[in-house]
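K.L.:
A predicted structure for the sequence below; I have some questions about it.
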Amino acid sequence: MSPPGWSRQEMAAKVAADIPEGWYVNLGIGIPTLVADAIPADREVVLHSENGLLGMGPAPAKGQEDPWLINAGKQHVTLHKGGAFFHHADSFAMIRGGHIDLCVLGAYEVARNGDLANWATSEADAAPAVGGAMDLAAGAKRIWVMTEHTTRDGTPKLVEACRYPLTALGVVTRIYTNFAVIDVTQHGFVLRNKHAGMAIADLKRLTGAPLHAGDAAHV
Amino acid sequence: MSPPGWSRQEMAAKVAADIPEGWYVNLGIGIPTLVADAIPADREVVLHSENGLLGMGPAPAKGQEDPWLINAGKQHVTLHKGGAFFHHADSFAMIRGGHIDLCVLGAYEVARNGDLANWATSEADAAPAVGGAMDLAAGAKRIWVMTEHTTRDGTPKLVEACRYPLTALGVVTRIYTNFAVIDVTQHGFVLRNKHAGMAIADLKRLTGAPLHAGDAAHV
Amino acid sequence: MIDKSVAKVEQALAGIEDGATILVGGFGAVGQPDLLIESLIDQGARDLTIVANNAGAGQVGLAKLMQAGRVRRIVCSFPRSAGSVVFEALFRAGKIELDIVPQGTLAERLRAAGAGIPAFFTPTAYGTRLARDKETREIGGRFYVLEYALPGDVALVEAWSADRWGNLTYQKSGRNFNAVMATAAKLTIAQAHHVVELGALDPETIVTPGIFVHRVLPLSARKELAA
Amino acid sequence: MIDKSVAKVEQALAGIEDGATILVGGFGAVGQPDLLIESLIDQGARDLTIVANNAGAGQVGLAKLMQAGRVRRIVCSFPRSAGSVVFEALFRAGKIELDIVPQGTLAERLRAAGAGIPAFFTPTAYGTRLARDKETREIGGRFYVLEYALPGDVALVEAWSADRWGNLTYQKSGRNFNAVMATAAKLTIAQAHHVVELGALDPETIVTPGIFVHRVLPLSARKELAA
């Protein structure tokens, strides 16, 4: 039996609920793309895609795909009214220049000082694919991570120090896992809220660095 | 009585005759702008203006001025078919990136090693206006200068070493004066051709550094 | 609903502080955000650093702001235009500081500020007085000067069309420094000749995507100012 | 009369030499100049360095060129896409060199090459394996890596519309690396879906002015290739 926890859709809904109207947001490949569909329909959030889109809309209906309109994950997408096209240098100027309010990324590991490892699985991996991960991690105004709390074999992904090759140093400020929402602060990991079925003691055991629980709510 | 020499229009015609079809050319403020009207009508030369135009056309007819369409000299201009608009960073990317085949500039002095002084009249001048002169001089593929051969009081403008503040080092490759057309080479000033009414001895006397006459034609 | 348009010039300029660095778009008379610049006089900010290609002309726009004594320093490429009488008088009187930057280096330093590039090497001005005391380096057999990003606290730009997301287009040679400066400030304010419905601008032709723009003032607000 | 259009793919690719660095536009399947890339096989150039975001997919385009043994080295951000089977087999066999560059740094190094900027500082990759042995510097309290311009001998791009002066537009997400690479090579060759009359492109909407483009091949030439 799997442990109690939020589904990926529930995680995405939690992230989406925390994004205010008007933010410019880049959603990394993988779980973060689920956030797009979880944003309330009456809240305007402008999605950016590295390959030159702002105002990215949802996936088109089957048969309505436009072959010229894909996102950074190479999926067919649509464009909202108010959207714009631009080239790669301009796109990464937006990212590197700090114009993206939020980037949501997946992770192999996040360290208590905010270090992120999400691109290569070992030093020996000679042909890893970095894509735009390092630019996003270094450039966006804030980096939130969406990830399972541990690997499948129970190894913590929230750690004292990353063992995987780093993507960027000290950039992650919040982590959404299947068990909890955790801030990354000057004092390390601080619990914001957690799944009701998960005891704090268990959560601490599954976290690879001190987790300050304080008066975190659970929901 | 003024000495024999070419008029500014004749100088412009000489420059224009040396510009092959297909070149991208920036004409500096002042005398060089006369070159535009001297390009043969059947020869396509694409004029660039720093403020974001390629394919700049001639001045509009009186009363036909478009208030949104000026050149770097703030004169009203037109745009040829095939012209394009862009912003200042893109415009100077064209210049600095070596995409402009030729820039024709005025000069206070040109040294025999190709050093150019054309922006400030003295070290003490605290508020000179550089504009795009340094970018053009450093960036274009080739720099030709159009200038009177001497100042009004007869002081040579082609010199051993510039005394005026420099615009760029070693960039000028050809000079069109009212008396002669002179290449700037590894060996210094080399006469290409001269005004028929000007004796070589006089020309050498009016030139502030050795002028190699060789077998230059005169026309 | 995102709506960056503001009805009044006071709202457009709210929060600009004394000592701010203000990027002012335009080249020659084309694309000057004069309504915004002149309204800074009533807004009241002092001790400003202005970054602009020219140092104003006649008695309007930037010249008017300088005449009102609000500008401590100007960073520009070409202070001496025909009609830059206000600047020249202030400069001779020692009442304004001047920092001359080659036009392309100015554009690139602004672009760098918008693009998260803190510094870059350029061939422009190497060996000249404008590179004096600057770091230089030989790269690939050629010599270059190190230049730093030039960010603004505020950018004032003039657009042709705008929508409520802040997407901008420009008109002909009006793109000039406007489109570069729009990317380079913490607060970018555009005066726009036309404010159109969201979706009315072709996504292929938007020059400044709304991500760079914080407030849009329709130029119809000019009437209100005159009234 | 300036006419950059060429009728045959052989003319488009004439003069590309062994050992050339070739910039290849496109992102995913969108905007890939596949006709030009595949025709390089017949053209015959060997020992190529390819700069592209991806390392090819399936058996077409870049993958086909790699399969033909023409590529010595690839500079890219994301070699492992779904279907990058040709690259992975060659890489495992030690038959191709790989240089991984973060996507934004790749775009900026190309932009720098086109813009005459030999080197710039960027925050991307600081403190990571991809910045190992690179020069770093603290500027304004933050740490940066020095990156160098990445020019090409040749750029192969795909445009939507083109005219005889070489002005280009793109289609939606097809702009991607194409518009950047077009500025960064000594010889830029565009395959275009539509070649239109001079003057048919709106000067406000041209993305790549013709100054950057040397040859334009109408995609109608594809028929000739197939025939």
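P.N.:
Received, thanks.

K.L.:
mind checking how far the nearest residue to C:Thr169 once chain neighbours are set aside is from C:Asp34?
P.N.:
Sequence neighbours aside, C:Ser161 is the residue nearest to C:Thr169 in space, at 4.6 Å (criterion: CB to CB, 6 or more residues apart in numbering or on different chains). Yep, even glycine has a C-beta here, placed from its N, CA and C like the rest. Between C:Ser161 and C:Asp34 the computed distance is 18 Å (CB to CB, to the nearest Å).

K.L.:
which of the two has more neighbours?
P.N.:
In terms of neighbours (other CB atoms under 10 Å in any protein chain shown), C:Asp34 is the more surrounded of C:Ser161 and C:Asp34; the figures are 22 against 19.

K.L.:
which residues touch the closest residue to that one other than its chain neighbours?
P.N.:
Leaving aside its sequence neighbours, C:Asp34 sits nearest to C:Gly61 (CB to CB, 6+ apart; 4.0 Å). For C:Gly61, the contacting residues are C:Gln32, C:Pro33, C:Asp34, C:Ile37, C:Glu38, by CB atoms under 8 Å, 6 or more residues apart in numbering or on different chains.

K.L.:
With C:Phe121 instead?
P.N.:
With contact taken as CB under 8 Å, 6+ apart, C:Phe121 is in contact with C:Arg137, C:Ile139, C:Tyr144, C:Val145, C:Leu146, C:Glu147, D:Ile117, D:Pro118, D:Ala119, D:Phe120.

K.L.:
again, but for C:Ala112
P.N.:
Residues touching C:Ala112, when contacts are defined by CB under 8 Å, 6+ apart, comprise C:Pro118, C:Ala119, C:Phe120, C:Glu147, C:Tyr148, C:Ala149, C:Leu150, D:Phe120.

K.L.:
rerun at 7 Å
P.N.:
When the contact criterion is CB atoms under 7 Å, 6 or more residues apart in numbering or on different chains, the partners of C:Ala112 are C:Phe120, C:Ala149.

K.L.:
Name the helix or strand for it, please.
P.N.:
C:Ala112 belongs to helix C:103-115 when assigned by DSSP states H and E.

K.L.:
Go ahead and measure how far that helix is from the middle of the chain.
P.N.:
Centroid separation for helix C:103-115 versus its chain: 11 Å, with CA atoms, centre = their mean, to the nearest Å.

K.L.:
That one: what's the following helix or strand?
P.N.:
Next helix or strand after helix C:103-115 toward the C-terminus (DSSP H and E): strand C:119-122.

K.L.:
after that following strand comes which helix or strand?
P.N.:
Moving toward the C-terminus from strand C:119-122, the next helix or strand (DSSP H and E) is strand C:136-139.

K.L.:
measure the residue of chain C found nearest chain B to chain D for me?
P.N.:
Using CB to the nearest CB, the closest approach of chain C to chain B is made by C:Gly104 at 3.2 Å. In this structure, C:Gly104 and chain D are separated by 9 Å, where distance is defined by CB to the nearest CB, to the nearest Å.

K.L.:
List the residues that contact that residue.
P.N.:
Each residue near C:Gly104 by CB under 7 Å, 6+ apart is listed here: B:Phe92, B:Ile95, B:Arg96, B:Gly132, B:Asp135, C:Thr124.

K.L.:
again, but for A:Asn26
P.N.:
With contacts defined as CB under 7 Å, 6+ apart, A:Asn26 is in contact with A:His48, A:Ile100, A:Cys103, A:Leu136, A:Ala140.

K.L.:
which residues in chain C form strands?
P.N.:
Shown for chain C, the strands assigned by DSSP state E span residues C:21-24, C:48-51, C:71-76, C:97-100, C:119-122, C:136-139, C:142-148, C:152-162, C:168-169, C:185-195, C:215-218.

K.L.:
Out of those, which gets nearest to B:Leu166?
P.N.:
Among the strands of chain C, the nearest to B:Leu166 by CB to CB is strand C:142-148 (13.0 Å).

K.L.:
Flag every residue of chain C that's near chain A.
P.N.:
Where chain C comes near chain A, counting by CB under 7 Å from any CB of the partner chain, the residues are C:1-2, C:114-116, C:163, C:165, C:167, C:183, C:198-199, C:203-204, C:206, C:209-212.

K.L.:
Who does whatever residue of chain C ends up closest to chain D form a beta bridge with?
P.N.:
Each residue of chain C has a distance to chain D, by CB to the nearest CB, and the smallest belongs to C:Phe120, at 3.9 Å. Listed by DSSP bridges, the beta-bridge partners for C:Phe120 are C:Glu147, D:Phe120.

K.L.:
Tally up the residues packed near it, please.
P.N.:
Residues lying near C:Phe120 (other CB under 10 Å) number 29.

K.L.:
And the pLDDT at it?
P.N.:
In the prediction, the pLDDT value recorded for C:Phe120 is 98.

K.L.:
show me what contacts it?
P.N.:
If a contact means CB under 7 Å, 6+ apart, then C:Phe120 has C:Glu108, C:Ala112, C:Glu147, D:Ile117, D:Phe120 as its contacts.

K.L.:
Report the central residue of chain C.
P.N.:
The C-alpha lying nearest the average C-alpha coordinate of chain C belongs to C:Val24 (CA atoms, centre = their mean; 2.3 Å).
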